[in-house]
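>>> Sequence plus the predicted model coming up.
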Amino acid sequence: MKKEITRHNFSQALGELKFDSRGLIPAIIQDAKTKDVLMLAYMNRESLEISFKERRTCFFSRSRQKLWRKGETSGHIQKIKHIYYDCDGDTLLIVVDQKGVACHTGSWSCFYREMVKK
């Protein structure tokens, strides 16, 4: 099956997004080279606008109630290659060039634990 991508300018896409009651939308972060899912974070309109403008990820911290740029203290930044949104407009997929590790634990990805049947 052929992969079809439609392109929308930022302001049009922003109008199609469905932020939740707190003004947030989940963002799945994927490595451009490996296709690994690196992390899941939340964005509000402001952090998405900053991310689009700066071409590096900026998120909204639900626990601290403030914006944070990935790598602002660690140097492990994420340079944005592409931003996609799903068919419902309620989830973002952000494809990045990851510099360093993505997880605060020091792991490449936040998804390093697997549930298994024992």
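Nice, thanks for sending it over. All values derive from a computational prediction rather than experimental measurement.

>>> From here on, just use CA atoms for contacts and neighbour counts.
Noted.

>>> and residue 13, helix, strand or coil?
Put simply, residue 13 is helix when judged by DSSP: H, G, I helix; E, B strand; the rest coil.

>>> Next one, pLDDT for it please.
Listed pLDDT for residue 13 reads 93.

>>> One more: the one 3 residues further on?
The predicted local confidence for residue 16 comes out at a pLDDT of 95.

>>> Count the neighbours of it for me.
Residue 16 has 15 neighbours, counted by other Cα atoms under 10 Å.

>>> same thing with residue 5?
Using other Cα under 10 Å, the number of residues around residue 5 comes to 7.

>>> So which bits of stretch 25-34 are buried?
For stretch 25-34, burial by neighbour count (16 or more other Cα atoms under 10 Å) applies to 25, 26, 27, 28, 29, 30, 31, 32.

>>> Is it possible to get a markdown table of those that adds secondary structure?
Listed next are those as a markdown table, based on three-state DSSP:
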| residue | secondary structure |
| --- | --- |
| 25 | strand |
| 26 | strand |
| 27 | strand |
| 28 | strand |
| 29 | strand |
| 30 | strand |
| 31 | strand |
| 32 | coil |
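
>>> Out of the residues you listed, flag the one nearest to residue 58.
Ranked by distance to residue 58 (Cα to Cα), those are led by residue 27 at 10.5 Å.

>>> Give the full set of residues in contact with the closest one.
Residue 27 makes contact with 40, 41, 42, 43, 91, 92, 93, 94, according to Cα atoms under 8 Å, 6 or more residues apart in numbering.
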